[in-house]
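Q: with the sequence up front, the predicted model follows.
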Amino acid sequence: MATISPKDRALLTKYFQMDGGYVLDFSNRTFANFFEEFEIDIEDEKYSLNYSSASKGNRMKGFWDLEDNQTVGNVLLGLIEHYDEQRANSYNGNQNHSDELREKCLKIGNELVSGTYNPDIKPGARLAQQHKTTRQTKPFSQAELESIFTLPTESVQSTQIPQFTQSVQVAQPSQTVSTPAQALNFDPHSKQRVFIVHGHDDVLRLEVENFIRKVGLEPIVLMDQASGGNTIIEKIERCGDADFAVVLYTPCDLGKHKNASELNGRARQNVVFEHGYFIARLGRQKVAAIVKQGVEIQNDIQGVVYIGAELDWRTSLLKEFHQAKLNFNPSGLYTS
């Protein structure tokens, strides 16, 4: 049984529009098809035994009652993705939509999947807890700060994704800065924007977001921006006026070639799409991807900068910021 608190159940019920026995725009057939993707027979009578009817809303509640946290969390994340696509393809898809409520439901789903869900924590306190549990960044010494721009970008060494060795762009000596002191000049009044493209890995997203903010740049996360009645692609066009983009490749999806037998970790489809979008909009020199080990990389976008998430990605990312001529403050890492 999933340990979802009554308050969180109410949030989910509201966001997925379950009043009256419905769930979003699903018909009975499409509702059953959706659950089949998770190998669940939602039409099994066990999901409606404790309710007055076998409506979609009641079967969803029965599903929460009977299944484990991870299973429920995966379905919730799938429902959020379905709702995102529904709104993106609908002319009035963002009317009366609550981005704040979506964020709360997304956190519930992620925490159920990762095993960190605590029904006693109030929804509003989850973001603060995420910040507290984020891995602390070890500050650079002054000598490291002054030499950081002469360090080559590290290639990812992994037997699971050997193509990284060929993909990572190594800076040539002629591109390095001979006077590190100039690189430390920082104008706090000219803060530049870094757009973060991400999947469902909130921990890595928050780490990158906090790091960008610490070095004096402004992180832009799409779900934190007001919809203003726009579709998802319209929000990207409106909020994507950035100076740099960081793309987070995390194994949020699984997939394989039709003739293969094993499933491989893949980034969300929206992550791959937005990666290509920002390469076209900003240029390859102003886009970097942080890749978790084991995630497939698309052949069409090999040759761009990839940074291993298990390596010292902060140092590598600072180097990319410098190569893109961003106005940042490396010593900001010393601030709490």
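A: Thanks, I have it.
Q: can we go C-alpha only for contacts and neighbour counts from here?
A: Noted.
Q: which stretches of the stretch 201-336 of the chain have low pLDDT?
A: Counting by pLDDT under 70, the low-confidence segments of the stretch 201-336 of the chain come to 227-229, 299-305, 332-336.
Q: A strand includes residue 289, no?
A: Yes. Residue 289 forms part of a strand when assessed by DSSP: H, G, I helix; E, B strand; the rest coil.
Q: please name the bridge partners of it.
A: Beta-bridge pairing of residue 289 under DSSP bridges involves residue 247, residue 306.
Q: that one reaches residue 247, doesn't it?
A: Yes. Between residue 289 and residue 247 a contact is recorded at 4.5 Å, counting by CA atoms under 8 Å.
Q: ok now the helix or strand harbouring residue 281, how far from the chain's centre?
A: Following DSSP states H and E, one finds residue 281 within helix 269-282. Its chain's C-alpha centre and that of helix 269-282 lie 14 Å apart, by CA atoms, centre = their mean, to the nearest Å.
Q: which other residues reach that helix?
A: Here helix 269-282 makes contact (CA atoms under 8 Å, 6 or more residues apart in numbering) with 197-199, 243-245, 247-249, 286-287, 301.
Q: for stretch 68-76, same thing?
A: Everything outside stretch 68-76 that qualifies as a contact, by CA under 8 Å, 6+ apart, is 1-3, 35, 38, 63-64, 105-106, 108-115.
Q: so where's the longest helix in this protein?
A: Secondary structure assigned by DSSP state H gives helix 69-88 as the longest helix of the chain.
Q: pLDDT of that helix, averaged?
A: Averaged across helix 69-88, pLDDT comes to 89.
Q: next, the angle from that helix to helix 269-282.
A: Put simply, helix 69-88 runs at 50 degrees to helix 269-282, going by axes from the mean of the first three to the mean of the last three CA atoms, to 10 degrees.
Q: just how off-centre is the next helix or strand after helix 69-88 within its chain?
A: Once the chain leaves helix 69-88, the next helix or strand it forms, by DSSP H and E, is helix 99-114. Centre-to-centre, helix 99-114 and its host chain are 12 Å apart (CA atoms, centre = their mean).
Q: now helix 99-114: buried residues?
A: Neighbour counts over helix 99-114 (16 or more other CA atoms under 10 Å) mark 99, 102-113 as buried.
Q: mind listing what's buried in the longest helix of the chain?
A: Buried, per 16+ other CA under 10 Å, within helix 69-88: 69-80, 83-84, 86-88.
Q: okay, stretch 251-258 in CSV with CA atoms only?
A: The C-alpha trace of stretch 251-258 is given here as CSV (Å, rounded to 0.1, in the frame of the first residue of the first chain):
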residue,chain,number,x,y,z
PRO,A,251,17.8,7.8,-17.0
CYS,A,252,14.2,8.8,-16.5
ASP,A,253,13.0,6.6,-19.4
LEU,A,254,13.9,3.1,-20.6
GLY,A,255,14.1,2.1,-24.3
LYS,A,256,15.7,-0.2,-26.8
HIS,A,257,16.0,-1.0,-30.5
LYS,A,258,13.3,-3.3,-31.7
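Q: quick check: chain neighbours aside, which residue is closest to residue 109?
A: The shortest distance from residue 109 to any non-neighbouring residue, by CA to CA, 6 or more residues apart in numbering, is to residue 73 (4.2 Å).
Q: okay, the one you found and residue 221: tell me how far apart.
A: Per CA to CA, to the nearest Å, residue 73 is found 22 Å from residue 221.
Q: helices of the stretch 101-250 of the chain, residue ranges please.
A: For the stretch 101-250 of the chain, helices defined by DSSP state H, counting those that start in this stretch occupy the ranges 126-133, 142-147, 164-167, 180-183, 202-214, 232-239.
Q: ok, residue 47 touching residue 56?
A: No. Using CA under 8 Å, residue 47 is not in contact with residue 56, being 9.9 Å away.
Q: domains of the protein?
A: Listed by automatic domain parsing, the domain ranges of the chain are 6-133, 142-334.
Q: and for the closest residue to residue 287 other than its chain neighbours, the neighbour number?
A: Leaving aside its chain neighbours, residue 287 sits nearest to residue 245 (4.8 Å; criterion: CA to CA, 6+ apart). Burial of residue 245 is recorded as 28 neighbouring residues (other CA atoms under 10 Å).
Q: which residues does residue 245 contact?
A: 194-197, 278, 286-288.
Q: name the SS class of the spatially most distant residue from the centre of the chain, please.
A: For the chain, the largest distance from the centre (CA atoms, centre = their mean) belongs to residue 52, which lies 38.6 Å off. State at residue 52, reduced to three classes by three-state DSSP: coil.
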